[in-house]
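Q: Okay, here's the prediction I keep looking at, along with the sequence it came from:
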Amino acid sequence: MREYFFDDFLRSNVPLTDEQRSMLFKHSMVKEYDRGDFILNAGETCVHRFFIERGAIREYSIDPKGKEHLLFFAVEGWFLMNVDSVFFNQPSNHFIQAIEPTRLLLINENQLQKLVREDPAFAELDRQLLYEHIQMLHRRITLLQSASAEERYLRFIKDFPEIPMRVPQTMIASYLGITPESLSRVRRAIAKGR
C-alpha cells in the first residue's frame, strides 16, 4: 500500500522552515482507521482537517429516502475537510468514512488558523488548499450539469486513475451521479470502443 507523509508534502509544496513545520506538527496527530470506520458522523462538528498518509476515505450524505450521495474521495497525499464545520463551525451534514485501512494526520483547525493569522507561509498554505477545493468542486458541478455519463466517467478515470481499482463500483456511480447499472453500461461501451 502506498504512503505519502505530510512532511514530504510540506517539503515539496510549501516553503516552511523547520520551525514552522514543527509548530504545525505540534498541533496535529496521526490516527489509524480500519476499513469501514467513521472519521466523522453527520451531526458532529469537525475540528480537524485531514491529510491522508495511507488509505482511502470518502465523504457522503444520506438523503431522507436512505440513498447515499458521495461528495468526495481522498487517497494518499490529499486533504479532506468538512466545509460546514471548518469554515462555518456548524455540525456536518456528511459522513467521512475509511474505505480501506487508513492513516490520517489530523490537523487541528483552531491551531492552524492561529498559525495562518501569525505567519504568511501558513496563510499561503491555507489559501492554496482552499483554492484547490473550490476548483475541484467547480469542475465537479460543471460535469454533473453538462456532461454525459460516459464523459463523467472518462474524466473521473483521467483525474483519479487509482480510485476505480480501490473502491466499489457503487461508490463510483454515486460520485458520478448515475446508477451502478448505468456505470456498467458505460464501462462496457468504453471497453468495446477500444
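A: Sure thing, it's come through. Numbers count the residues shown, from 1 in each chain.
Q: can we go C-alpha only for contacts and neighbour counts from here?
A: Noted.
Q: any idea how far the lengthiest helix in the chain is from the chain center?
A: Of all the elements of type helix in the chain, the one with the most residues (DSSP state H) is helix 120-146. On the basis of C-alpha atoms, centre = their mean, to the nearest Å, helix 120-146 is displaced by 11 Å from the centre of the chain it belongs to.
Q: same question, stretch 20-31
A: Relative to where its chain is centred, stretch 20-31 has its mean C-alpha point 20 Å off (C-alpha atoms, centre = their mean).
Q: same thing with stretch 79-92?
A: Taking C-alpha atoms, centre = their mean, the mean C-alpha location of stretch 79-92 is offset from the chain mean by 12 Å.
Q: Can you point out the buried residues in that stretch?
A: Phe79, Leu80, Met81, Asn82, Val83, Ser85, Val86, Pro91, Ser92 (16 or more other C-alpha atoms under 10 Å).
Q: try stretch 154-163
A: Under the neighbour-count rule (16+ other C-alpha under 10 Å), stretch 154-163 has Leu154, Phe156, Ile163 buried.
Q: Go through those residues and name the one nearest Asn41.
A: The shortest separation between Asn41 and any of the buried residues of stretch 154-163 is 22.8 Å, and it belongs to Ile163 (by C-alpha to C-alpha).
Q: tell me what the longest helix of the chain is packed against?
A: With contacts defined as 3 or more C-alpha pairs under 8 Å, 6 or more residues apart in numbering; DSSP states H and E, helix 120-146 has these neighbours: helix 109-118.
Q: low-confidence ranges in the protein?
A: For the chain, the stretches with pLDDT under 70 are 1, 194.
Q: and the buried residues of stretch 154-163 as CSV, adding distance to Leu129?
A: What follows is the buried residues of stretch 154-163, written out as CSV (distance: C-alpha to C-alpha, whole Å):
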residue, distance to Leu129
Leu154, 25
Phe156, 20
Ile163, 21
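Q: any idea where the helices of this protein begin and end?
A: 6-13, 18-26, 83-88, 109-118, 120-146, 149-159, 169-176, 180-193.
Q: Out of those, which is the most enclosed?
A: For the helices of the chain, the largest average neighbour count (mean count of other C-alpha atoms under 10 Å) is found in helix 169-176, namely a mean of 20.
Q: report the angle between the axes of that one and helix 120-146?
A: 90 degrees (axes from the mean of the first three to the mean of the last three C-alpha atoms, to 10 degrees).
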